[in-house]
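**Student:** build me a model:
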Amino acid sequence: MKNHSLIGKAMLVAFVFLIAASSASAAGKKYGLFVGINAYGGGINQLKGCVNDATKMRDAMVTKFGFNAADTTLLTDAAATREAILANLQKYQTLAGPGDLLVFHYSGHGTLFPDAYSDEQDETKLIYMETTNDKGETEVMYERATYDSAIVPVNAMDRSGKAWRSLILDDELYAIFSAVTRKGAQAVLISDSCHSGTIDKTKKSPFQVRATPLTAVFGVRRYSDLDFGAQPTAKTGRITPPPIKGLYISMSGSMDEEFSLDANIGGVPMGLFTNTILSYIPATAAARVKMTYAQLMAKVLAEVARQASQPGWDSSQHPQLNADFGNPNAPIFTVPGFKAGN
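**Tutor:** Numbering: from 1, shown residues only. Below you'll find the predicted structure:
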């Protein structure tokens, strides 16, 4: 009888272990890539708060949202090349499976690239921007056309065989995140960068803007001097399949026509957008699993807009939540299907 009892207990322990292992597996894994670039070279002005942004965001994901540090990557300054960023995103695209989560947080410069010279001609919004040079003269920053948003790796000026050199276009990120969602994983993009806006305000404001004109990337003085080579002969339109509905969330620091601000907050260089996100993450686990992306971004939008417009800053910054292919009512930084109380 004693042996039967021991066998029964062993089977019960094994059964409980299997249930726990199954539950942990069902919960999904969390992956993260965090990129922050302060130290640009060439004609691209340096920033101050981006490395802090990436480091603190990664720390928050590990300490508050259960990310395993070994399943995350931090790329800063010289390490944050086009090749390294894409290689790590593609690594996590491969690793992510059904029920997993991938977060990509980027903090650095943003710019625009003419959609007519990209592989996919899919943009419809016309943009025209002017800036003021050192002599007080008005110059064209972007001619009236459609543009892809782009993030600016540390080696953005390097030739890569592509018309956009070593920028990373939104089309390229879209393709990676779409592939992640087609595997049944959640993808979250957080971009604390500018995509357009005049640059002369840096001379009279206590902050820097996270935008760099395309002329700086290509090393020319005027937009009219830019040479992208020949336009693609075929107008492809959107060729990347869209993300799976409900699995792609994008949070950006500002509207297309605005700045994302690089500021000194409480004596610490930080991005206004990233700092505000971190400040509104609830302190307790019980409260965190009840906060949705929509609720978080509503708070962030109001606070960023308030701070950016205060005297001395006199700027306009309105963070954006894009949930066209996502669920804005999902709890923040949780795996797909997670519900509070699980």
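**Student:** quick one: the strands in the chain?
**Tutor:** In the chain, the segments counted as strands under DSSP state E are 30-36, 72-76, 101-107, 110-114, 126-132, 138-151, 168-169, 186-192, 208-209, 248-252, 261-265, 268-271, 320-322.
**Student:** so what would you say the end-to-end distance of stretch 320-339 is?
**Tutor:** 24 Å (Cα to Cα, to the nearest Å).
**Student:** please read the previous query as pertaining to stretch 227-246.
**Tutor:** This stretch, stretch 227-246, spans 40 Å end to end (Cα to Cα).
**Student:** got the residue ranges for the helices in the stretch 151-300 of the chain?
**Tutor:** Counting by DSSP state H, counting those that start in this stretch, the segments of the stretch 151-300 of the chain that form helices are 170-182, 214-218, 272-280, 285-288, 293-308.
**Student:** show me what the second one is in contact with.
**Tutor:** By that I understand helix 214-218. 42-45, 111-113, 142, 152, 156-157, 165, 167, 221-223, 225-227 (Cβ atoms under 8 Å, 6 or more residues apart in numbering). Where C-beta positions appear, they are placed from N, C-alpha and C, glycine not excepted.
**Student:** for the fourth one, same thing?
**Tutor:** With contact meaning Cβ under 8 Å, 6+ apart, helix 285-288 is reached by 64-65, 281-282, 331-332.
**Student:** re the thing from before, for PyMOL, what selects the buried ones among the contacts of helix 214-218?
**Tutor:** In PyMOL, a selection of the buried entries from the contacts of helix 214-218 looks like this (16 or more other Cβ atoms under 10 Å):
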select buried, resi 44+45+111+112+113+142+152+156+157+165+167+223+226
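**Student:** related to what we said a few turns ago, which of the contacts of helix 285-288 sits closest to Pro269?
**Tutor:** Nearest to Pro269 among these: Ile281, at 19.8 Å, using Cβ to Cβ.
**Student:** ok, how many other residues are close to the closest one?
**Tutor:** 17 (other Cβ atoms under 10 Å).
**Student:** what do you get for Lys64?
**Tutor:** Lys64 has 17 neighbouring residues, counting by other Cβ under 10 Å.
**Student:** likewise for Ala305?
**Tutor:** So Ala305, with other Cβ under 10 Å, has 16 neighbours.
**Student:** per-residue pLDDT, it?
**Tutor:** pLDDT for Ala305: 94.
**Student:** likewise for Gln208?
**Tutor:** Predicted confidence (pLDDT) for Gln208: 75.
**Student:** with adjacent residues omitted, what lies nearest to it?
**Tutor:** Asp262 (4.3 Å; Cβ to Cβ, 6 or more residues apart in numbering).
**Student:** surely the one you found touches Cys194?
**Tutor:** No. With contact defined as Cβ atoms under 8 Å, Asp262 does not count as touching Cys194 (9.4 Å).
**Student:** mutual contacts of the two, please.
**Tutor:** Common neighbours of Asp262 and Cys194 (Cβ under 8 Å, 6+ apart) are 209-210.
**Student:** what about Asp77, distance to Arg221?
**Tutor:** Applying Cβ to Cβ, to the nearest Å, the value for Asp77 to Arg221 is 27 Å.
**Student:** low-confidence bits of the chain, can you list those?
**Tutor:** Where the chain drops to pLDDT under 70, the residues are 1-27, 195-207, 233-235, 237-238, 340-342.
**Student:** let's see that with 80 instead.
**Tutor:** Applying pLDDT under 80 to the chain flags the ranges 1-27, 131-136, 194-209, 232-240, 256-259, 312, 314, 339-342.
**Student:** thinking again about what came up before, adding distance to Asp53, write the strands of the chain out as TSV.
**Tutor:** Formatted as TSV, the strands of the chain follow (distance: least, Cβ to Cβ, whole Å):
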stretch	distance to Asp53
strand 30-36	5
strand 72-76	10
strand 101-107	4
strand 110-114	14
strand 126-132	25
strand 138-151	13
strand 168-169	17
strand 186-192	6
strand 208-209	13
strand 248-252	13
strand 261-265	9
strand 268-271	5
strand 320-322	17
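**Student:** for Pro232, find the nearest of the ones you listed.
**Tutor:** Between those, strand 110-114 lies closest to Pro232; by Cβ to Cβ that is 11.3 Å.
**Student:** helices or strands next to the closest one in the packing?
**Tutor:** The contact analysis (3 or more Cβ pairs under 8 Å, 6 or more residues apart in numbering; DSSP states H and E) places strand 110-114 against strand 138-151, helix 214-218.
**Student:** could I get the CA-only coordinates of that strand as PDB?
**Tutor:** Provided in PDB are the C-alpha atoms of strand 110-114 (Å, rounded to 0.1, in the frame of the first residue of the first chain):
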ATOM      1  CA  GLY A 110      13.400  60.300 -38.000                       C
ATOM      2  CA  THR A 111      13.100  61.600 -41.500                       C
ATOM      3  CA  LEU A 112      11.100  61.300 -44.700                       C
ATOM      4  CA  PHE A 113      12.000  59.600 -48.000                       C
ATOM      5  CA  PRO A 114      10.200  60.100 -51.300                       C
END
